[in-house]
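Undergrad: please find the sequence and the predicted model below.
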Amino acid sequence: MLAGETAAPGTRAGRVPRAGPFAWVRDRYRLGVGAITAAVGLFLGLRLTAWPPHEDETLVFFVARRPLSDLLDSVLDRGGAPLHYLLAHVSLSLDESLVALRLLSAIFAVASIPVLAALVARLAGRRTAVPAALLAAASWALLFHGVYARMYGLFLFLSALSCLLLLRALERATGWRWVAWATATLALLATQPYGALVLLAESVFVGLLRLRGRTSLRRPAAAAALVLVLATPLWITYSHLASRFEVGVGPGTASELGSPLDVLAYLWEVLGDFTAGWPAATIPVALVALAGLVVLARRRPDAALFAGAIVLVPALALMVTRAGAGLVPETRHLLFVLPFFAM
């Protein structure tokens with residue numbers, strides 16, 4: 001249903017025959033995304049040992065070294081991110097060092113660049129996708145979490161992949177495409193509790209498409225129900241995390257969200273981390289992003305709906321859940337917004 005609007009040149013709706021094994025060299029989109037991806041990989045590779053260990057890294061390092069059964073008991077009991085710890089366990093079984101853990105984060109941060117570009121290409125076209133990938137790649141939020149051995153490189157990769165696979169499934173609703181989306185979304189939920197906000201935003205987006213007569217709800221609803229049921233063990237373990245930390249996230253640098261104004265201040269901090277961080281630079285960039293959203297709404301309204309849902313649904317959810325919770329999220333919890341902001 002979305003092929004006429006979201007499919008960019010070079011996707012299924014406009015694919016051209018390959019001219020040979022090195023045709024990608026003449027394809028400015030692939031060449032640009034490849035160069036950006038390689039640059040991010042080079043930077044992260046050079047910075048893997050530049051920063052001292054972080055306390056969260058040491059936690060992952062010592063927990064992931066345990067035997068698999070002990071690891072799962074510990075993670076599920078304390079409400080951690082199971083997929084991240086499982087991957088860390090595999091990484092440490094190959095090389096028991098902090099560098100191995102950081103390399104895992106770097107790999108997923110690098111892999112997120114082509115996925116992010118493919119997502120933006122489907123939403124806004126290839127001409128937008130390359131500079132958007134460049135903006136995201138230069139973001140402190142991506143580079144910082146690409147170095148440290150935490151789950152946020154994986155979180156960004158899987159959130160972008162889930163959104164991309166959702167668009168593919170809506171474009172041509174085959175059973176296998178919905179299975180692929182459900183698998184990526186389950187992996188996302190197993191990586192970070194805030195993946196639930198991505199699922200919620202995706203659900204709102206599909207609902208808005210249905211109101212516009214752009215898609216049917218039968219297969220999306222069935223796929224979402226399957227995800228919710230299969231994620232039951234995750235809801236249980238994250239409830240343990242909520243009872244342990246009161247809200248499901250640990251202490252952070254952001255102020256406690258006690259009012260809608262606090263939520264807006266938090267979102268402003270996230271915007272600053274996505275850009276330069278200085279108000280003098282953040283304000284004009286925010287205005288440019290707003291202008292970009294207006295242009296997108298005129299040319300590709302479905303894409304603007306998706307971007308709006310990804311931003312507004314988490315903001316509204318935080319406003320609803322803030323009362324009495326002492327909610328203290330940080331930029332990393334909204335890292336899934338980065339591709340849409342860059343777009």
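TA: Sure thing, it's come through. Since this is a predicted model, take the numbers as computed values, not measurements. Numbering: from 1, shown residues only.

Undergrad: not counting its neighbours along the chain, what's nearest L318?
TA: V263 (5.0 Å; C-beta to C-beta, 6 or more residues apart in numbering). (Each C-beta comes from the backbone N, C-alpha and C, glycine too.)

Undergrad: pLDDT score assigned to the residue nearest to L208 when sequence neighbours are not counted?
TA: Among residues not flanking L208 along the chain, L305 sits closest, at 5.1 Å (C-beta to C-beta, 6+ apart). For L305, the pLDDT comes out at 93.

Undergrad: where does the stretch 101-250 of the chain dip in pLDDT?
TA: Scanning the stretch 101-250 of the chain for pLDDT under 70 picks out 240-250.

Undergrad: for it, what spans make up the helices?
TA: Per DSSP state H, counting those that start in this stretch, the stretch 101-250 of the chain carries helices over the ranges 126-137, 140-147, 152-171, 175-189, 195-211, 218-230, 232-245.

Undergrad: other SSEs contacting the helix or strand hosting the residue nearest to L208?
TA: Element membership of L305 [criterion: DSSP states H and E] is helix 301-321. Secondary-structure packing of helix 301-321 (3 or more C-beta pairs under 8 Å, 6 or more residues apart in numbering; DSSP states H and E): helix 3-6, helix 98-124, helix 195-211, helix 260-274, helix 279-299, helix 338-342.

Undergrad: tell me which of those helices sits most buried.
TA: helix 338-342 (a mean of 26; mean count of other C-beta atoms under 10 Å).

Undergrad: which residues are contacting that one?
TA: With C-beta atoms under 8 Å, 6 or more residues apart in numbering as the test, helix 338-342 has contacts from 116, 119-120, 132-133, 135-136, 139, 141-142, 156, 160, 163, 271, 274, 289, 306-307, 310-311.

Undergrad: adding distance to L267, write the helices of the stretch 101-250 of the chain out as TSV.
TA: Listed next are the helices of the stretch 101-250 of the chain as TSV, based on distance: least, C-beta to C-beta, whole Å:
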stretch	distance to L267
helix 126-137	18
helix 140-147	13
helix 152-171	17
helix 175-189	21
helix 195-211	13
helix 218-230	26
helix 232-245	22
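
Undergrad: of the ones you listed, flag the one that's most buried.
TA: helix 152-171 (a mean of 26).
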